[in-house]
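Undergrad: Curious how this folds, go ahead:
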Amino acid sequence: MSKTRDYYNSEKVRLLALIKEGFFGLDETGNGFFKGKTYPFVLQQKGAFTNLYEPIRSEALSYFTINKIDWWAGRKPTGHTLSSQIACVNHLMAIRKDPVAVLALLNGIRNQFKEVLPIPCDSDVSYIAFEAVSKKDHLNEDGPTRG
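TA: Numbering: from 1, shown residues only. Prediction:
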């Protein structure tokens, strides 16, 4: 089994335990729908918003609305607790406007950066953008969209 699959399976076990412990809300039982099937590690749609970390939840929802970004599942966050989109938002939303924190994060990966620059694609000044795309279609797709 690959390291990626091992990690995926260990995360499923960890997230199932969090669901059972009430981390996502006391009435959240999992067994939500994803692509037409139920999974124990997918939150019910009524609780999908609890998949976003509470301190950044309001800002994340506003950011996606203002910048016209689609969530993985459409108009609202997915209840899939293994969503890479949700993981990125939960980990990075709180520091996206802090150039010192973003620079420290980058230099923790590869210590060669001197400065971070603001990203011009968002409606406000930030140093991390979510679901950013180029204004030009470099891959001959139907046109770039965010989300």
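Undergrad: the strands in this structure, which residues?
TA: With DSSP state E, the ranges of strands along the chain come out as 32-34, 37-39.
Undergrad: and the residue sitting nearest the centre point of the chain, how far is that from R75?
TA: Nearest residue to the geometric centre of the chain (Cα atoms, centre = their mean): I86, 2.4 Å. Separation of I86 from R75 (Cβ to Cβ, to the nearest Å): 15 Å. The C-beta positions use only the backbone N, C-alpha and C, and glycine is treated the same way.
Undergrad: what does R57 give?
TA: From R57 to R75 the distance is 16 Å (Cβ to Cβ).
Undergrad: Compare the two and say which is more crowded by neighbours.
TA: Taking other Cβ atoms under 10 Å, R57 and R75 do not tie; R57 has more neighbours (17 against 8).
Undergrad: So for the lowest-mean-pLDDT helix or strand in the chain, what gets flagged as buried?
TA: Lowest by mean pLDDT, DSSP states H and E among the helices and strands of the chain is strand 32-34, with a mean of 91. Within strand 32-34, the residues scored as buried using 16 or more other Cβ atoms under 10 Å are 32, 34.
Undergrad: Contacts for that strand next, please.
TA: Identification of contacts with strand 32-34 by Cβ atoms under 8 Å, 6 or more residues apart in numbering yields 38-39, 42-45, 47-48, 78-80.
Undergrad: What ranges in the protein fall below the confidence cut-off?
TA: Along the chain, segments meeting pLDDT under 70 span 1, 134-147.
Undergrad: do that again at 90, thanks
TA: Scanning the chain with the threshold set as pLDDT under 90 gives 1-5, 26-27, 45-48, 67-68, 70, 72-76, 119-125, 131-147.
Undergrad: Tell me where the longest helix sits in it.
TA: helix 3-21 (DSSP state H).
Undergrad: Settle this for me: L52 is touching S62, isn't it.
TA: No - using Cβ atoms under 8 Å, L52 is not in contact with S62, being 11.5 Å away.
Undergrad: more crowded one of those two?
TA: Shown here are L52 and S62; by other Cβ under 10 Å, L52 has more neighbours (20 against 11).
Undergrad: Which stretches in the chain count as helices?
TA: Using DSSP H, helices in the chain cover 3-21, 54-66, 84-92, 99-109.
Undergrad: Pick the most buried one from those helices.
TA: helix 84-92 (a mean of 17; mean count of other Cβ atoms under 10 Å).
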